[in-house]
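S.K.: got a predicted model here, sequence first, then my questions.
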Amino acid sequence: MSGNKMYRPETAGALYRFTHTYLAFIIVAIGMMAGWLYLGLMVADMVQRMDMGQMGPGMALFNEMNMFAGLAPEVRAQLAALCLPLAGESFGMPDLISFSFYDFTMVFIMWLMMVLAMMLPTAYPMLYSYHSRRSDWAVIWVVLGYICVWGVFSFIASALQLALHALGGLNPMMAPALSFFAASVIIVAGFYQFTSFKQACLYRCRVPVIAKAVDASCKSMKSPGKASFEFGLEQGVYCLGCCWVLMCLMFAVGVMNIFWIAILGLVMALEKSYGTRQLSYAIGVLLLIWGGGYLYFATDELPVLQHFIDRLMGT
């Protein structure tokens, strides 16, 4: 027993030092895993009854794992349409045909999980730098401030998504119903890559003013967490200014397209890590080419587009 009593404080001390040293990494890892786990469970629950190809490019690969495997594409589409009213019974999946406040909450949680999966890893260099200069629990307040900003974005994105469903811009599988709409989002994202506002926010994401923030936090004796939280809010705003349009690309490729969630998360992480503007401009060029090609092949949708505009204008 005496040996045990002598060992436990040492073990607790080692665990404390480990969590204290790697706190920023642990927070990012837990947040990212929580986001991906939630999204993965949504897809796993839907894959048994939906035509996953309707969720955006690449998602048709999941059709090999569902009950429609081996059937003709048109048959799968008809069966999936019959299952759509049951979508709200899937894990985390809202009813996007006759949605309620509960469905809005489900959409908001979905977007928040996407933020954790995509954006929190991109903030790791900033969180690591902050924690290395102030090696206590203050980095938790930074994370909370950062997530609060993206929480506001998730709320707005959720409202926009439900509005697009009501107007017919998105189908019940959360993919764009009009190629013109998808192409427009992609082209806007491409042009945004070249704006000075984007580049200014990107610079602050790459070079956060860590020393000043840590100094302000250390001097704030009455509420040391407040300064750290405010720094998190500030960095969240810079990150939002840098990446919000790229996040909105999910409306063009399918909101729950997990392939594009991974791709865009990687692109934003690389963009923040790479020290020059060339990568950002190269992404913009690729988006403009992609959007332009998409727009060119969408000309057969002109009558449908006119109907959508009339519906939007209420005429």
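M.R.: Cool, the structure landed. Numbers count the residues shown, from 1 in each chain.
S.K.: tell me where this protein has helices.
M.R.: Ranges of helices in the chain, per DSSP state H, are 2-21, 23-46, 73-83, 101-118, 124-133, 138-167, 179-192, 196-206, 210-219, 224-248, 250-253, 258-273, 278-296, 302-313.
S.K.: and the fifth one, what does it pack onto?
M.R.: Using 3 or more C-beta pairs under 8 Å, 6 or more residues apart in numbering; DSSP states H and E as the contact definition, the elements that helix 124-133 packs against are helix 23-46, helix 138-167, helix 210-219, helix 224-248. Bear in mind the C-beta positions are built from the backbone N, C-alpha and C, glycine included.
S.K.: at 7 Å instead, please
M.R.: Applying 3 or more C-beta pairs under 7 Å, 6 or more residues apart in numbering; DSSP states H and E, one finds that helix 124-133 makes contact with helix 23-46, helix 138-167, helix 210-219.
S.K.: poorly predicted segments of this structure, please.
M.R.: Counting by pLDDT under 70, the ranges of the chain that qualify are 1-21, 48-49, 65-92, 95, 97, 135, 209-224, 275, 298-315.
S.K.: out of the helices and strands packed on helix 124-133, deepest packed?
M.R.: Of all the helices and strands packed on helix 124-133, helix 138-167 has the most neighbours on average by mean count of other C-beta atoms under 10 Å, namely a mean of 19.
S.K.: that one vs helix 23-46, what angle?
M.R.: Counting by axes from the mean of the first three to the mean of the last three C-alpha atoms, to 10 degrees, helix 138-167 lies at 30 degrees to helix 23-46.
S.K.: show me what helix 138-167 is packed up against.
M.R.: Here helix 138-167 is seen to pack against helix 23-46, helix 101-118, helix 124-133, helix 224-248 when contacts are counted using 3+ C-beta pairs under 7 Å, 6+ apart.
S.K.: make it 10 Å
M.R.: Using 3 or more C-beta pairs under 10 Å, 6 or more residues apart in numbering; DSSP states H and E, the elements in contact with helix 138-167 are helix 23-46, helix 101-118, helix 124-133, helix 210-219, helix 224-248, helix 250-253, helix 302-313.
S.K.: in the longest one, what's buried?
M.R.: Residues of helix 224-248 classed as buried by neighbour count (16 or more other C-beta atoms under 10 Å): 224-225, 227-248.
S.K.: Ser184: which of the helices and strands packed on helix 138-167 is closest?
M.R.: helix 250-253 (8.3 Å; C-beta to C-beta).
S.K.: which residues are contacting that closest one?
M.R.: The contact list for helix 250-253, computed with C-beta atoms under 10 Å, 6 or more residues apart in numbering, reads 55-59, 111, 114, 118, 157, 160-161, 164, 169-170, 174-176, 179, 181-189, 256-257, 259-261, 263-264, 287, 290-291, 294.
S.K.: go with 8 Å
M.R.: With contact meaning C-beta atoms under 8 Å, 6 or more residues apart in numbering, helix 250-253 is reached by 56-57, 114, 160-161, 164, 170, 175-176, 181-183, 185-186, 189, 257, 260-261, 264.
S.K.: can I get that helix in CSV, CA atoms only?
M.R.: The C-alpha trace of helix 250-253 is given here as CSV (Å, rounded to 0.1, in the frame of the first residue of the first chain):
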residue,chain,number,x,y,z
MET,A,250,-20.0,23.3,-49.5
PHE,A,251,-23.2,24.8,-51.0
ALA,A,252,-21.8,24.1,-54.4
VAL,A,253,-20.5,20.5,-53.9
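S.K.: now stretch 168-176, how far from the centre of its chain.
M.R.: Offset of stretch 168-176 from its chain centre (C-alpha atoms, centre = their mean, to the nearest Å): 18 Å.
S.K.: now do the end-to-end distance for that stretch.
M.R.: Start-to-end span of stretch 168-176 (C-alpha to C-alpha, to the nearest Å) is 9 Å.
S.K.: same question, stretch 156-176
M.R.: Terminal residues of stretch 156-176 lie 18 Å apart, using C-alpha to C-alpha.
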